[in-house]
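Engineer: Dropping the sequence and predicted coords here.
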Amino acid sequence: WAVSFNHNVIQIPLWAWCITLFYQASHSARIRDWVALGITFGLALLAKYTAILLLPPALLFILLTPSARHHLRSFSLLSGTLATAIVLGPHLVWLLKYDFPSFNYASARLAEHSGPFPWLKGFASFIGTAFAAHSVMLLALSIVKRFSAPTTTTAIKTDDMLRASTTHWHNMPQTYSQPEKKRFLLLFGLGPFVLALLVGLS
């Protein structure tokens, strides 16, 4: 996509930043991480509304991960939400003022695929393009995994955390366990794609 410059190109680094910042913010207690995530997510939504597909995997990860669930009751998540609202606010006002032109455009584009054959062709094209785009990456990952040395985890056990003093705890490396990391990769690696397929099927 480097040959063109449009909203599809702009959203690529913003998605990467959103996912990276969410991973960092979800296991830290720093409000600045959540604010940075909120600003980046707001910019990602300004680039293209499909960034909303990042929200369900993020919420699902927080709900399914006990060590991250406390954010639902903390000010950190609210601060990130407020940051997104500040970035996106002027655009929402513009949408209301001019009768949602971007949604009307999307509706007109969807009308081009009305009828069973055009819809099936577009749907199959979307799936085929997605798998083709990821096939090289999956092949490279499988080769790396086959020849790489086993990794070690620095996950902190709950007992160690409870026994550690507050000062000692801040000095300990904070990270997710291997199952939690796999859940993170699964949700953000496949979640938006599956959601897009469900939207297409609907």
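Structural biologist: Alright, I've got the coordinates. Numbers count the residues shown, from 1 in each chain.
Engineer: which stretches of this structure aren't confidently modelled?
Structural biologist: The chain contains residues with pLDDT under 70 at 1-2, 113-114, 149-174.
Engineer: Swap in 50 and give it another go.
Structural biologist: Filtered on pLDDT under 50, the chain yields the residue ranges 154-156, 158-159, 161-162, 164-173.
Engineer: ok, the residue nearest the centre of it - contacts?
Structural biologist: Among the residues of the chain, the one closest to the centroid is residue 54, at 3.5 Å (C-alpha atoms, centre = their mean). Shown in contact with residue 54 (C-beta atoms under 8 Å, 6 or more residues apart in numbering): 15, 18-19, 22, 41, 44, 188, 192. In this view, the C-beta of every residue, glycine as well, is placed from N, C-alpha and C.
Engineer: could you dump the residues you listed to a markdown table with distance to residue 121, secondary structure and neighbour count?
Structural biologist: Below are the contacts of residue 54 laid out as a markdown table (distance: C-beta to C-beta, whole Å; DSSP: H, G, I helix; E, B strand; the rest coil; neighbours: other C-beta atoms under 10 Å):
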| residue | distance to residue 121 | secondary structure | neighbour count |
| --- | --- | --- | --- |
| 15 | 27 | helix | 20 |
| 18 | 31 | helix | 25 |
| 19 | 31 | helix | 21 |
| 22 | 35 | helix | 24 |
| 41 | 33 | helix | 27 |
| 44 | 29 | helix | 26 |
| 188 | 29 | helix | 19 |
| 192 | 22 | helix | 20 |
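Engineer: Show me which of these is closest to residue 119.
Structural biologist: Lowest distance from residue 119 to the contacts of residue 54 (C-beta to C-beta) belongs to residue 192, with 20.7 Å.
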